[in-house]
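*Asks:* Pasting the sequence and the predicted coordinates here, then a few questions.
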Amino acid sequence: MSGKHLTALAALALTLAASPAAFGVEIAVTCDTGPNGHLCNEAARAWAEKTGNTVRIVAAPQSTSEQLGLYQQFLTSKSGDIDVFRVDVIWPGILGSHFIDLKPYVDQATIDQHFPNIIQGLTRDGQLLALPWYTDAGLLYYRQDLLDKYKLKVPATWAELTETAKAIQEGERKDGNDRFFGFVFQGRAYEGLTCNALEWIASFGGGSIVGPDGKITVNNPQAAKALDLAASWVGTITPDGVLNYIEEDARGVFQSGNAAFMRNWPYAYGLAEAADSPIKGKVGAAPLPKGDGEGARNAATLGGWQVAVSKYSAHPKEAADLALYLTGRDEQKRRALKAGLAPTIMALYDDPEIQQARPFFKLTRTLLDGAVARPSAVTGEHYNEVSTLFWNAVHSTLSKNGDAATNLAQLQKELNRISRGGRW
């Protein structure tokens with residue numbers, strides 16, 4: 001090789017050596033593609049600058065069901081192409097065998113900062129399979145200006161919501177907005193519908209699909225009553241298109257000023273109150289309504305996202321360090337202030353800056369104490385199949401393909417077959 005080429009290579013080596021990243025590793029991390037996805041990207045890059053490593057951002061689909069399918073392809077093939085996964089609160093039971101135990105990388109004081117029930121849900125056989133990132137519980141969003149206009153109150157029950165939504169819808173359409181609807185939610189056949197339907201059923205005292213003992217409980221009159229009521233909304237106070245709505249579809253309708261009520265997660269509040277929002281200053285949030293009958297209560301499905309590290313990562317130490325950074329106190333505070341994402345670190349709810357910027361967190365904090373968990377722990381690796389069967393039965397009911405009692409009876413048979421009579 002010529003002296004000229006050797007000199008060029010030496011210069012290149014010096015250039016690489018001068019860059020901290022030359023001594024680091026590349027960590028691939030999945031970030032969401034929703035309206036707050038940039039926060040994940042920013043945090044991952046900030047960690048890279050701090051540590052001298054590099055990051056590769058892998059964009060995940062918006063639909064949680066599509067995300068899970070993609071992750072399963074990577075993990076079951078033992079691919080090391082993704083090191084750090086953004087995972088739903090229910091996925092450790094499904095994917096946990098593919099994640100490392102994070103306990104060797106995190107001290108107990110850091111673990112103890114988080115809500116104990118969330119940590120418990122992420123722990124299997126003594127192993128901590130993910131770190132909490134932000135948490136969720138379903139909320140009812142409403143247009144306070146329209147309640148004032150029609151001299152109505154925030155509905156306390158689903159029956160009241162039905163009547164209130166109908167009254168506002170009729171009034172707004174008479175005023176010329178033919179595109180206005182009373183209520184929007186997540187009605188596509190995917191995990192979001194499981195969350196919505198679980199809230200309806202639990203609020204009527206209809207249980208939580210599968211009980212803590214593994215017994216299948218979903219086929220009962222109160223559950224059927226809840227789903228039949230929800231089916232009555234479609235095509236009346238709710239657009240037919242809701243049968244294909246995910247979170248962002250519902251938010252789009254509500255935030256454009258074309259719905260009186262919306263069921264969604266806490267993230268939607270910050271976007272509804274953003275400077276460019278058509279409904280800024282007109283939005284309120286409340287617990288989701290109660291059903292009726294014995295056992296009726298306010299019910300919000302526990303949601304939230306966590307960060308896990310793949311067993312097949314070539315760099316587990318660095319990947320775990322990124323997971324700790326993403327879920328740390330400073331980053332959780334930044335996400336709370338920037339996007340209204342509810343922290344999993346309990347002390348942040350007492351932070352004066354957060355309290356001033358996000359007053360609705362007081363409601364979120366209350367809901368978290370009584371949130372309804374999906375039966376992912378008891379059903380384990382079967383949860384995805386359980387949820388798929390459940391949301392399909394619900395979607396059929398909403399689509400008027402059979403009534404709730406018929407669809408729930410069939411669902412019970414299918415769940416009995418999977419579980420061998422409740423023995424998961």
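*Replies:* Arrived safely, thanks for sending. Residues are numbered from 1 along each chain as shown.

*Asks:* Show me the domain layout of the protein.
*Replies:* Using automatic domain parsing, the domain ranges for the chain come out as 16-137+302-369, 139-301+374-419.

*Asks:* Which stretches in the stretch 151-300 of the chain count as helices?
*Replies:* Taking DSSP state H, counting those that start in this stretch to define them, one finds helices in the stretch 151-300 of the chain at 158-174, 191-203, 221-233, 247-255, 267-272.

*Asks:* least reliable of the ones you listed going by mean pLDDT?
*Replies:* Least confidently modelled of these is helix 267-272, at a mean of 92 by mean pLDDT.

*Asks:* which other helices and strands contact that helix?
*Replies:* Contacts defined by 3 or more CB pairs under 8 Å, 6 or more residues apart in numbering; DSSP states H and E place helix 267-272 against strand 139-143, helix 247-255, strand 283-286, helix 329-339. All C-beta spots, glycine's among them, are computed from the backbone N, C-alpha and C.

*Asks:* pLDDT value on residue 9, please?
*Replies:* 30.

*Asks:* Ok, the one 10 residues further on next?
*Replies:* Residue 19 is assigned a predicted lDDT (pLDDT) of 37.

*Asks:* Ok, residue 47 next?
*Replies:* Residue 47 carries a pLDDT value of 98.

*Asks:* same deal with residue 421?
*Replies:* Looking at residue 421, its pLDDT stands at 74.

*Asks:* And for residue 213?
*Replies:* pLDDT, residue 213: 89.

*Asks:* show me what contacts it?
*Replies:* Residues in contact with residue 213, defined by CB atoms under 8 Å, 6 or more residues apart in numbering, are 378, 422.

*Asks:* The domains of the chain: lowest mean pLDDT?
*Replies:* domain 16-137+302-369 - the lowest mean pLDDT of the domains of the chain, at a mean of 92.

*Asks:* Going by residue numbers, what spans are helices in the stretch 301-424 of the chain?
*Replies:* 316-326, 329-339, 352-357, 361-369, 376-379, 383-398, 404-419.

*Asks:* on that earlier part again, and the helices of the stretch 151-300 of the chain, which is most packed in?
*Replies:* helix 191-203 (a mean of 26; mean count of other CB atoms under 10 Å).

*Asks:* That one - contacts with which helices or strands?
*Replies:* Using 3+ CB pairs under 8 Å, 6+ apart, helix 191-203 sits against helix 64-76, helix 221-233, helix 383-398.

*Asks:* would you list the helices of the stretch 301-424 of the chain in JSON lines and tack on mean neighbour count and distance to residue 260?
*Replies:* JSON lines is the format used below for these (neighbours: other CB atoms under 10 Å; distance: least, CB to CB, whole Å):
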{"stretch": "helix 316-326", "mean neighbour count": "21", "distance to residue 260": "36"}
{"stretch": "helix 329-339", "mean neighbour count": "18", "distance to residue 260": "24"}
{"stretch": "helix 352-357", "mean neighbour count": "12", "distance to residue 260": "26"}
{"stretch": "helix 361-369", "mean neighbour count": "18", "distance to residue 260": "19"}
{"stretch": "helix 376-379", "mean neighbour count": "22", "distance to residue 260": "33"}
{"stretch": "helix 383-398", "mean neighbour count": "22", "distance to residue 260": "19"}
{"stretch": "helix 404-419", "mean neighbour count": "17", "distance to residue 260": "25"}
